[in-house]
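A.B. asks: I'd like to go over a predicted model; first the sequence, then the structure.
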Amino acid sequence: MDLTRMMIACNIPLAKVEQPEFINFFEKHCGKRLPSRTTLTKCMERNVKQFAPRLKSN
């Protein structure tokens, strides 16, 4: 998920998606509801499992 990738790359804690101002900003400017922190964490864990073998081989 692009949001998870962006937040990790920018060193933004995933818990920020639960802050009211963060939620309001995304709903106003993107017209979308944000996934929960737990959903983002699961997405991140799937990505780590997918890319870990590549990282180990390099």
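C.D. replies: Received the coordinates, thanks. Numbers count the residues shown, from 1 in each chain.
A.B. asks: next, the buried residues of the longest helix seen in the chain.
C.D. replies: Assignment by DSSP state H gives helix 37-57 as the longest helix of the chain. Residues of helix 37-57 classed as buried: L40, C43, M44 (neighbour count, 16 or more other C-beta atoms under 10 Å). The C-beta positions use only the backbone N, C-alpha and C, and glycine is treated the same way.
A.B. asks: isn't the last one right next to P13, touching?
C.D. replies: No - here M44 lies out of contact with P13, judged by C-beta atoms under 8 Å, at a distance of 11.7 Å.
A.B. asks: by contact count, what packs against the least confident helix or strand in the chain by mean pLDDT?
C.D. replies: Least confident helix or strand of the chain, by mean pLDDT, DSSP states H and E, is helix 37-57 with a mean of 78. Helix 37-57 sits against helix 2-9, with contacts defined as 3 or more C-beta pairs under 8 Å, 6 or more residues apart in numbering; DSSP states H and E.
A.B. asks: in CSV: the buried residues of helix 37-57, plus distance to R33.
C.D. replies: Listed next are the buried residues of helix 37-57 as CSV, based on distance: C-beta to C-beta, whole Å:
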residue, distance to R33
L40, 13
C43, 15
M44, 19
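A.B. asks: and the residue nearest the centre of the chain, how far is that from N47?
C.D. replies: Geometric centre of the chain, nearest residue: T4, 1.9 Å, by C-alpha atoms, centre = their mean. Counting by C-beta to C-beta, to the nearest Å, the gap from T4 to N47 is 7 Å.
A.B. asks: same check, this time on K32
C.D. replies: Taking C-beta to C-beta as the measure, K32 and N47 are separated by 20 Å.
A.B. asks: and what of R5?
C.D. replies: 8 Å.
A.B. asks: what's the answer for L40, then?
C.D. replies: 11 Å.
A.B. asks: try P13
C.D. replies: 17 Å.
A.B. asks: ok now stretch 12-27, how far from the chain's centre?
C.D. replies: Relative to the chain's own centre, stretch 12-27 is displaced by 11 Å; criterion: C-alpha atoms, centre = their mean, to the nearest Å.
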